[in-house]
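1. Here is a sequence with its predicted model. Questions after.
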Number of protein chains: 2
Amino acid sequence: MLKEAKGLILVLSAPAGAGKTTLCKRLLQTSPTFISSVSFTTRSPRKQEIEGVDYYFVSREDFEKLIKKNAFVEWAEVHGHLYGTSKKFLEENIKAGKDVILEVDVKGGTKIKEKYPQAILIFILPPSWQELEKRLHKRATEDEKSIKERLSTAKQEIKYLPYYDYFLVNDDINATTKRLLLIIEAERYKINRVPEKEINRVIKNI
Amino acid sequence: MLKEAKGLILVLSAPAGAGKTTLCKRLLQTSPTFISSVSFTTRSPRKQEIEGVDYYFVSREDFEKLIKKNAFVEWAEVHGHLYGTSKKFLEENIKAGKDVILEVDVKGGTKIKEKYPQAILIFILPPSWQELEKRLHKRATEDEKSIKERLSTAKQEIKYLPYYDYFLVNDDINATTKRLLLIIEAERYKINRVPEKEINRVIKNI
């Protein structure tokens, strides 16, 4: 499947507050080959969120039509809202050589790995439980009920750790960005990423 | 098997002349955690080779006794000489947290991977066939017959490329050393390298 694909599929999962979004932004700044997957969602835009950049904001009705059309690599209902990863966006971009970064929850991550075994699944952990709670309290967008929900979700999500390829403890944003880039570069030297015809070319030339 | 092992098993394979030995030396200089596996061999020591450092030089009779004792992770006859990787050396060192570098041929590499699935197999390629031939001619130790043999072996070995984890084209020794180190660091963040009890500790603490 997609043997000619050149771009990487990078799945970043983390409990809310682990610093995933900041890390994604950092990655996007390091190289024009990175692109962030734009998901569909039924939730309302937050302040400063832009249609088509942060999400495609759609009605529940339209979202359900897309599910029927098999337009999602994975989709899920989280805290009452639907989120879905567009298959078209993902496949078109990796074919064009872009490295697509997907911020999805652990169930989404494992679904992506099933469909695209070449996907690189990275789990980002906060340095501690206390730190996670502190970070969530700092967010002006979260009320006490949401925080409790997110903490409870985090505890469930961490159980998926063994299904991931890598894990990083985000104790320092610069160090973690560096480690992410290092993992991505190392993955480029993996033999199973090289299309068969490229290996055959190397074998012949040597 | 060896669930508590902390050190990495690094297998470097390459056609003679690809720069494998120089790369190993570079790695050894970067960190005291690296250690080069000392193999047993029945061939005569070359000038400057030291017993117990470069190889354990043994008679064919003693080598065959060691085979019977199951002392080797892998062994092979190459160009009329026997070479074997000591199981004791490897297991003791990874238990002690050392990252053991093994310079073995492709058959040895695949045997090591069978016994130690956590081993990291890296194939080093010369930038071109012409360059490989040139490098072999430069070696004072090689006569014309050996060179022909080695080139023919190289062509066979390259067919094992798909069984390896990574491949690097050694066009520049500094760049290739850097890439090797980067692969090794990325591998340390792999979830399947972390012992189960460490994962459980992380899950509990978070």
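-> That came through, no problem.

2. got the residues of chain A near chain B?
-> Contacts of chain A with chain B, taken as Cβ under 8 Å from any Cβ of the partner chain, map to A:15, A:123, A:125-126, A:128-129, A:132, A:154-155, A:158-159, A:161-162, A:164-168, A:179, A:182-183, A:185-187, A:189-191, A:194, A:199, A:202-203, A:205-206. (C-beta placed from N, C-alpha, C; glycine too.)

3. Please repeat the previous calculation with a cut-off of 6 Å.
-> Residues of chain A that fall close to chain B, judged by Cβ under 6 Å from any Cβ of the partner chain: A:129, A:158, A:164, A:166-168, A:182-183, A:185-186, A:189-191, A:199, A:203, A:206.

4. From the residues you listed, pick the one nearest residue A:22.
-> residue A:168 (13.0 Å; Cβ to Cβ).

5. Of all the residues in chain A, which one is nearest chain B?
-> With Cβ to the nearest Cβ as the measure, residue A:186 is the residue of chain A nearest to chain B, at 3.5 Å.

6. what's the helix or strand containing that residue packed up against?
-> Using DSSP states H and E, the element containing residue A:186 is helix A:173-188. Using 3 or more Cβ pairs under 6 Å, 6 or more residues apart in numbering or on different chains; DSSP states H and E, the elements in contact with helix A:173-188 are strand A:166-169, helix B:173-188.

7. out of those, deepest packed?
-> Stretch with highest mean neighbour count among these: strand A:166-169 (a mean of 20; mean count of other Cβ atoms under 10 Å in any protein chain shown).

8. which intervals of chain A have sub-threshold pLDDT?
-> Scanning chain A for pLDDT under 70 picks out A:1-5, A:140-142, A:195, A:198-199, A:202-206.

9. which stretches of chain A form strands?
-> Assigned by DSSP state E, chain A shows strands spanning A:9-13, A:34-36, A:39-41, A:55-57, A:72-78, A:81-86, A:99-103, A:120-125, A:166-169.

10. Pull out the buried positions in the fifth one.
-> So the one you mean is strand A:72-78. Residues A:72-76, A:78 are the ones in strand A:72-78 that count as buried (16 or more other Cβ atoms under 10 Å in any protein chain shown).

11. Adding distance to residue B:146, write those out as a markdown table.
-> Formatted as a markdown table, these follow (distance: Cβ to Cβ, whole Å):
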| residue | distance to residue B:146 |
| --- | --- |
| A:72 | 59 |
| A:73 | 54 |
| A:74 | 56 |
| A:75 | 62 |
| A:76 | 62 |
| A:78 | 65 |
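
12. Now for those: which two are most distant?
-> So, those by Cβ to Cβ: farthest apart are A:73 and A:78, at 15.8 Å.

13. State the pair within the residues of chain A next to chain B that is farthest apart.
-> A:129 and A:206 (52.1 Å).

14. And the two? Which one has more around it.
-> residue A:206 (21 against 16; other Cβ atoms under 10 Å in any protein chain shown).

15. wait, doesn't residue A:123 sit right on residue A:165?
-> No - assessed by Cβ atoms under 6 Å, residue A:123 is found out of contact with residue A:165, at 8.6 Å.

16. Tell me which of the two has more neighbours.
-> Taking other Cβ under 10 Å, residue A:123 and residue A:165 do not tie; residue A:123 has more neighbours (27 against 19).

17. show me the residues around the more buried one that make contact.
-> For residue A:123, the contact set (Cβ atoms under 6 Å, 6 or more residues apart in numbering or on different chains) comprises A:13, A:161, A:164, A:167.

18. Grab the nearest non-local neighbour of residue A:70.
-> The shortest distance from residue A:70 to any non-neighbouring residue, by Cβ to Cβ, 6 or more residues apart in numbering or on different chains, is to residue A:87 (7.4 Å).

19. tally of neighbours for that neighbour?
-> Residue A:87: 16 surrounding residues under other Cβ under 10 Å.

20. try the one 10 residues further on
-> The tally of other residues near residue A:97 (other Cβ under 10 Å) stands at 11.

21. before we move on, the earlier item: so for residue B:9, which of the helices and strands packed on helix A:173-188 sits nearest?
-> The nearest among the helices and strands packed on helix A:173-188, by Cβ to Cβ, is helix B:173-188 at 10.3 Å.

22. quick one: that closest one to strand B:9-13, angle?
-> Here the directions of helix B:173-188 and strand B:9-13 differ by 140 degrees (axes from the mean of the first three to the mean of the last three Cα atoms, to 10 degrees).

23. got the CA coordinates for helix B:173-188 in CSV?
-> C-alpha atoms of helix B:173-188 as CSV (Å, rounded to 0.1, in the frame of the first residue of the first chain):
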residue,chain,number,x,y,z
ILE,B,173,33.2,9.5,7.5
ASN,B,174,32.2,12.4,9.7
ALA,B,175,28.6,12.5,8.4
THR,B,176,28.2,8.8,8.6
THR,B,177,29.5,8.7,12.2
LYS,B,178,27.0,11.4,13.1
ARG,B,179,24.1,9.5,11.4
LEU,B,180,25.1,6.3,13.3
LEU,B,181,25.0,8.1,16.6
LEU,B,182,21.7,9.6,15.7
ILE,B,183,20.2,6.2,14.9
ILE,B,184,21.6,4.9,18.2
GLU,B,185,20.1,7.8,20.2
ALA,B,186,16.7,7.4,18.5
GLU,B,187,16.7,3.7,19.3
ARG,B,188,17.0,4.5,23.0
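
24. what inclination does it have with respect to strand B:99-103?
-> Calculated by the same axes, to 10 degrees, helix B:173-188 forms an angle of 130 degrees with strand B:99-103.

25. now helix B:173-188 and strand B:120-125, what's the angle there?
-> Using the same axes, to 10 degrees, the inter-axis angle of helix B:173-188 relative to strand B:120-125 is 160 degrees.

26. what does helix B:173-188 contact?
-> So helix B:173-188 is in contact with A:182-183, A:185-186, B:26, B:120, B:166, B:168, B:170, going by Cβ under 6 Å, 6+ apart.

27. what separates that helix from the chain centre, distance-wise?
-> Distance, stretch centre to chain centre, for helix B:173-188: 15 Å (Cα atoms, centre = their mean, to the nearest Å).

28. just to revisit the earlier point, would you reformat the contacts of helix B:173-188 as TSV and include distance to residue B:145?
-> Converted to TSV, the contacts of helix B:173-188 look like this (distance: Cβ to Cβ, whole Å):
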residue	distance to residue B:145
A:182	44
A:183	45
A:185	41
A:186	39
B:26	30
B:120	34
B:166	33
B:168	29
B:170	25
